[in-house]
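Visitor: Dropping the sequence and predicted coords here.
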Amino acid sequence: MSDFVTRFAPSPSGLLHKGHAYSALYAFAAAQKAGGCFILRIEDIDTTRCRAPFERAIIEDLHWLGLRWEEPVRRQSDHFDDYKCALKKLENLGVLYRCFLTRREVLSEIVRAPHGVGEVYQGPDTPMSQNEEAKWLARGEAYAWRLSLRAARDVLGPRWAQLQFIEDGTGPNGEHGKIHAQPQRLGDVVLARKDIGTSYHLAVTHDDALQGITHIIRGQDLFESTHIHVLIQALLDMPTPTYRHHRLLLDETGKRLAKRDFASTLQDFRQSGQSAVALQESLRSL
């Protein structure tokens, strides 16, 4: 395995746009410069939004851009059993709990939290008893598996204060170098749900370790997630890669490009007759 392994990991819930092209080219160029490996991973755990036609379009767009990657391509929806095993390890550590609150109820809990911590869900004041939990399960109620930061702190002991990562790029607020990880900035995040056996946080952390990713190159919008990923890595005895976050492309109004905003897609550029070289040059000039 190379000393430099990075990846581009799109979700096939829509078509790729210029922002995706920038990120993919950025990671590919970094791998080439280092003489390393570039991996493509399809992150399609959201089976309600991800579609096979979008996945095919992603492959076509990336080939059009001139990118090549290691085979085979890992498709996350084929590996739910892997994430189930990782989730079970965390459950055995005692750092998970079932949360039966609806999204609206979670938001209400956040709002009523003491000033200064009311931005993320901090978990219940009192853990649910086993008898009460059994009643909710018997009724077939929906739930989410959340990572208890209180329990994780207890499990890690002195290691909690030593959680850190190297930022080789630039965070959204200029962060660079050795960063002290602060999982509390995200609160008790969801790691799985009753109907979906994993979440982005768990699946991406698991796969980065499994695939030997040494450098995670991605947009600054994911910088905050790094704090919780470093915690999961510590709990599961996984290595912590070097992180390199890059700036985001913005539209003419100053908003970042996003699928939901129908940003200009790579298919639009292809169908307009623009060459991949021309698009790459325009991205380098931004």
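Guide: Alright, I've got the coordinates.

Visitor: For this protein, which segments are assigned as strands?
Guide: 5-8, 37-42, 70-75, 96-99, 144-147, 164-167, 177-180, 190-193, 215-219, 242-246 (DSSP state E).

Visitor: From the contact counts, what lies against the last one?
Guide: The one in question is strand 242-246. helix 18-34, strand 164-167, strand 215-219 (3 or more C-beta pairs under 8 Å, 6 or more residues apart in numbering; DSSP states H and E). For glycine as for every other residue, the C-beta is placed from the backbone atoms N, C-alpha and C.

Visitor: Just say which of the ones you listed is most tucked in.
Guide: When those are scored by mean count of other C-beta atoms under 10 Å, the highest mean neighbour count falls to strand 215-219 (a mean of 22).

Visitor: any idea of the angle it forms with helix 18-34?
Guide: 160 degrees (axes from the mean of the first three to the mean of the last three C-alpha atoms, to 10 degrees).

Visitor: Rounded mean pLDDT for strand 215-219, please.
Guide: Strand 215-219 shows a mean pLDDT of 97.

Visitor: who does it touch, helix- and strand-wise?
Guide: If you count contacts as 3+ C-beta pairs under 8 Å, 6+ apart, strand 215-219 packs onto strand 5-8, helix 18-34, strand 242-246.

Visitor: Can you get me the centre-to-centre distance for it and its chain?
Guide: 10 Å (C-alpha atoms, centre = their mean, to the nearest Å).

Visitor: List the neighbouring strands of that strand plus their orientation.
Guide: strand 242-246 (parallel) (DSSP bridges).

Visitor: Convert the C-alpha atoms of the partner strand to CSV, please.
Guide: What follows is the C-alpha trace of strand 242-246 in CSV, where atoms were taken according to Å, rounded to 0.1, in the frame of the first residue of the first chain:
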residue,chain,number,x,y,z
THR,A,242,-4.0,13.5,7.9
TYR,A,243,-6.8,15.9,6.9
ARG,A,244,-6.6,18.5,4.2
HIS,A,245,-9.7,20.6,3.8
HIS,A,246,-10.1,22.9,0.9
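
Visitor: Check which residues of the helix or strand of the chain with the lowest mean pLDDT are buried.
Guide: Here the helix or strand of the chain ranked lowest by mean pLDDT, DSSP states H and E is helix 276-284, holding a mean of 84. In terms of neighbour count (16 or more other C-beta atoms under 10 Å), helix 276-284 has its buried residues at 276, 279, 280, 283.

Visitor: Same list (these) but as JSON lines, adding distance to residue 192.
Guide: Compiled in JSON lines, the buried residues of helix 276-284 are given as follows (distance: C-beta to C-beta, whole Å):
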{"residue": "276", "distance to residue 192": "39"}
{"residue": "279", "distance to residue 192": "38"}
{"residue": "280", "distance to residue 192": "39"}
{"residue": "283", "distance to residue 192": "36"}
